[in-house]
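Student: Need coordinates for the below:
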Amino acid sequence: MTNSNAENIYKLEGRVPLAKAVPLGLQHILAMFVANITPIMILASVLGLDSSLSGRIIQNAMIVAGIGTLIQLNPLWKIGSGLPIVMGISFTFLNTAIFIGTNYSIGTVIGCVIAGGIIEGLLGLFAKYWMKIISPIVAATVVTAIGFSLLTVGAASFGGGQGAAGFGSVNNWIVGTVTLVSCLCFSIFLRGYLKVISVLFGLIIGYILSVCLGMVDFSVLKGTSIVSVPAILPFKPEFNIGAILSMVVIYLVSATETIGDSTAVAETGLNRSISEKELSGSLAVDGFISALAGVFGCTPITSFSQNIGLVAMTKVVNRFVIGTGAVIMIIAGIFPAVGAFLTTVPQAVLGGCTIMMFGNIVVAGFQMLGKCGYSSRNITISALSLSVGLGFTQIKDLFGIFPPIVQSVFAENCVAVVFVLSIILNLVLPKDENPETNN
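Tutor: Below is the predicted model of the structure:
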């Protein structure tokens with residue numbers, strides 16, 4: 001690879017040889033793969049769907065994530081931001097989807113996903129009329145909250161996956177630590193292109209070690225078909241107004257995370273502020289591709305913070321490179337054996353790879369706060385929003401006096417609490433006397 005081509009991985013546009021792009025794209029997919037299919041697996045289990053149908057929906061989840069990522073990278077009309085963002089099935093909607101599915105039907109869940117997705121997509125297209133309330137200090141505070149909220153996710157994976165048998169075992173500690181140290185060493189001692197794929201190298205080392213320790217279950221590869229056609233409308237959509245309204249509330253929460261992710265990737269990957277057009281496109285694709293996910297029998301899709309952390313760490317932003325990862329996702333959906341193999345990566349390996357990425361998001365939030373300035377007003381907005389958001393959601397019983405819908409939105413979602421409180425404070429607190437510190 002010539003020097004000019006090597007530099008292109010750090011630019012949105014530019015030619016990168018396929019042999020160099022694929023490992024970088026694969027690195028992105030491995031960072032989010034398990035998290036992408038897990039919400040579908042949990043929902044299918046709770047609702048008692050048969051294994052063959054569950055398997056087809058999991059395949060659909062991979063295909064939809066790939067399609068959503070490609071559109072995010074290469075906008076269609078006003079849908080998509082053009083930023084290096086990877087899309088995937090969101091955990092944010094899981095509790096609400098389970099509630100609707102158990103009290104109504106899986107068809108009602110799908111109806112809510114489709115209707116809510118269209119509503120969020122339209123909000124994205126008209127974002128210029130309401131985005132002014134998302135000031136720089138609000139965006140910086142939300143990005144910081146996203147980073148902090150992911151630290152427990154990385155820690156849980158490091159231990160083997162929350163609730164898993166043998167969580168926090170010696171083997172999980174060994175594999176997670178070796179993976180983390182390998183990623184760090186490769187990042188420090190390698191140069192050029194090899195330095196950029198240090199996370200992939202670390203993941204390979206961790207995976208080989210976990211195989212040697214007997215932690216990889218290859219039984220999932222047995223009986224997988226070679227090619228499988230995606231299932232369109234595996235469930236008949238049913239539309240219930242009350243259920244749709246509850247899902248729309250969660251879509252608004254997801255939109256706040258997308259705003260934070262999109263802002264963070266522009267700041268950390270491109271060293272600039274996000275444009276109104278990019279933010280509008282990012283929200284639009286979030287909504288409309290979520291509606292498409294419903295057509296494929298999946299829950300909503302959103303930007304993946306894991307990959308924002310990877311961009312912050314590696315500075316690789318090339319759209320073609322990220323696009324190769326999206327194509328890998330689609331291939332994994334069409335060829336079940338590919339997806340099945342990727343699911344064999346132990347959680348401890350993923351935890352070792354991602355824990356540092358999530359820390360990078362926290363630091364990116366701090367950097368954004370620094371750019372806003374440490375005026376008394378900004379400190380109050382950020383400090384109070386983060387302390388309430390991060391603190392109260394650690395004690396979810398504090399929300400016991402509120403209706404179930406409020407609890408489902410805020411009790412365990414610090415990002416939602418931080419977003420709402422920071423907006424309210426930004427609107428009601430008096431502006432600083434020095435106009436240069438106003439945000």
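Student: and the residue most central in space within the chain, what pLDDT?
Tutor: For the chain, Phe304 is the residue whose C-alpha lies nearest the centre (Cα atoms, centre = their mean; 1.6 Å). Among the per-residue scores, Phe304 holds a pLDDT of 86.
Student: same question, Gly160
Tutor: 87.
Student: Name the helix or strand for the closest residue to it other than its chain neighbours, please.
Tutor: Using Cβ to Cβ, 6 or more residues apart in numbering and skipping residues adjacent in sequence, the residue nearest Gly160 is Asn172, 4.0 Å away. Bear in mind the C-beta positions are built from the backbone N, C-alpha and C, glycine included. Taking DSSP states H and E as the criterion, Asn172 maps to helix 170-189.
Student: Not counting that helix itself, show me its contacts.
Tutor: Residues outside helix 170-189 that contact it (Cβ atoms under 8 Å, 6 or more residues apart in numbering) are 157-160, 166, 194-195, 198-199, 201-203, 205-206, 209-210, 213, 215, 313, 346-349, 351-353, 355-356.
Student: List the buried residues of whichever helix or strand comes after it.
Tutor: Later in the chain than helix 170-189, the nearest helix or strand by DSSP H and E is helix 192-196. Under the neighbour-count criterion of 16 or more other Cβ atoms under 10 Å, helix 192-196 has 193, 196 buried.
Student: So which elements touch helix 192-196?
Tutor: Helices and strands touching helix 192-196, by 3 or more Cβ pairs under 8 Å, 6 or more residues apart in numbering; DSSP states H and E, are helix 170-189.
Student: mind running it again at 7 Å?
Tutor: The contact analysis (3 or more Cβ pairs under 7 Å, 6 or more residues apart in numbering; DSSP states H and E) places helix 192-196 against no helix or strand.
Student: Pull up the distance across stretch 131-141, start to finish.
Tutor: Start and end residues of stretch 131-141 are separated by 16 Å (Cα to Cα, to the nearest Å).
Student: tell me the mean pLDDT over it?
Tutor: The average pLDDT within stretch 131-141 is 83.
Student: And the strands in this protein?
Tutor: Ranges of strands in the chain, per DSSP state E, are 87-89, 301-303.
Student: possible to save these as JSON lines with mean neighbour count and distance to Phe410?
Tutor: Listed next are those as JSON lines, based on neighbours: other Cβ atoms under 10 Å; distance: least, Cβ to Cβ, whole Å:
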{"stretch": "strand 87-89", "mean neighbour count": "29", "distance to Phe410": "22"}
{"stretch": "strand 301-303", "mean neighbour count": "30", "distance to Phe410": "18"}
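Student: want to throw the ones you listed into a markdown table with distance to Phe366?
Tutor: Formatted as a markdown table, these follow (distance: least, Cβ to Cβ, whole Å):
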| stretch | distance to Phe366 |
| --- | --- |
| strand 87-89 | 26 |
| strand 301-303 | 21 |
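Student: out of the ones you listed, which comes closest to Ile71?
Tutor: Of all these, it is strand 87-89 that lies closest to Ile71, at 8.3 Å by Cβ to Cβ.
Student: Can you name every helix or strand that the closest one contacts?
Tutor: Helices and strands touching strand 87-89, by 3+ Cβ pairs under 7 Å, 6+ apart, are helix 18-46, helix 51-73, strand 301-303.
Student: For that strand, the averaged confidence score.
Tutor: Across strand 87-89, the average pLDDT comes to 91.
Student: Just the residues contacting that strand, thanks.
Tutor: 32, 35-37, 39-40, 61, 65, 68-69, 72, 289, 298-299, 301-304 (Cβ atoms under 7 Å, 6 or more residues apart in numbering).
Student: Emit the ChimeraX select command for whichever of the contacts of helix 170-189 are buried.
Tutor: Buried residues among the contacts of helix 170-189 (16+ other Cβ under 10 Å), as a ChimeraX selection:
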select :157,158,159,160,198,199,201,202,203,205,206,209,210,215,313,346,347,348,349,351,352,353,355,356
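Student: Of the contacts of helix 170-189, which belong to helices?
Tutor: Per DSSP state H, helices hold the following members of the contacts of helix 170-189: 157-158, 194-195, 198-199, 201-203, 205-206, 209-210, 313, 347-349, 351-353, 355-356.
Student: Nearest to Ile423 among the strands of the chain would be which one?
Tutor: Proximity to Ile423 (Cβ to Cβ) singles out strand 301-303 among the strands of the chain, at 19.5 Å.
Student: what does the closest one rub up against?
Tutor: Taking Cβ under 7 Å, 6+ apart as the rule, strand 301-303 contacts 64-65, 68, 85, 87-90, 92, 254, 257-258, 261-262, 282, 286, 289-290, 293.
Student: can you check stretch 220-228 too?
Tutor: Outside stretch 220-228, the residues that touch it by Cβ under 7 Å, 6+ apart are 56, 59, 334-337, 340-341, 343-344.
Student: Between the residues you listed, identify the one with the most neighbours.
Tutor: The member of those that has the most neighbours, counting by other Cβ atoms under 10 Å, is Gln59 with 24 neighbours.
Student: ok, that residue to Met329 distance?
Tutor: For Gln59, the distance to Met329 equals 11 Å [Cβ to Cβ, to the nearest Å].
Student: and if you look at Val142?
Tutor: 27 Å.
Student: try Gly323
Tutor: For Gly323, the distance to Met329 (Cβ to Cβ) stands at 10 Å.
Student: for this protein, what are the low-confidence residue spans?
Tutor: 1-6, 42, 45, 51, 339, 433-439 (pLDDT under 70).
Student: Now do the helices in the stretch 301-439 of the chain.
Tutor: Here the stretch 301-439 of the chain has its helices, by DSSP state H, counting those that start in this stretch, at 305-314, 319-334, 336-342, 347-372, 376-392, 404-410, 414-428.
Student: Give me the buried positions along the last one.
Tutor: Going by neighbour count (16+ other Cβ under 10 Å), the buried part of helix 414-428 is 414-423, 425-426.
Student: Name the nearest of those relative to Gly309.
Tutor: Of those, the one sitting nearest to Gly309 (Cβ to Cβ) turns out to be Val415, at 14.7 Å.
Student: Leaving out sequence neighbours, find the closest residue to the closest one.
Tutor: Using Cβ to Cβ, 6+ apart, the closest residue to Val415 is Ala145 (5.0 Å).
Student: That neighbour contacts Leu386, correct?
Tutor: Yes: counting by Cβ atoms under 7 Å, Ala145 sits close enough to Leu386 to count as a contact (6.2 Å).
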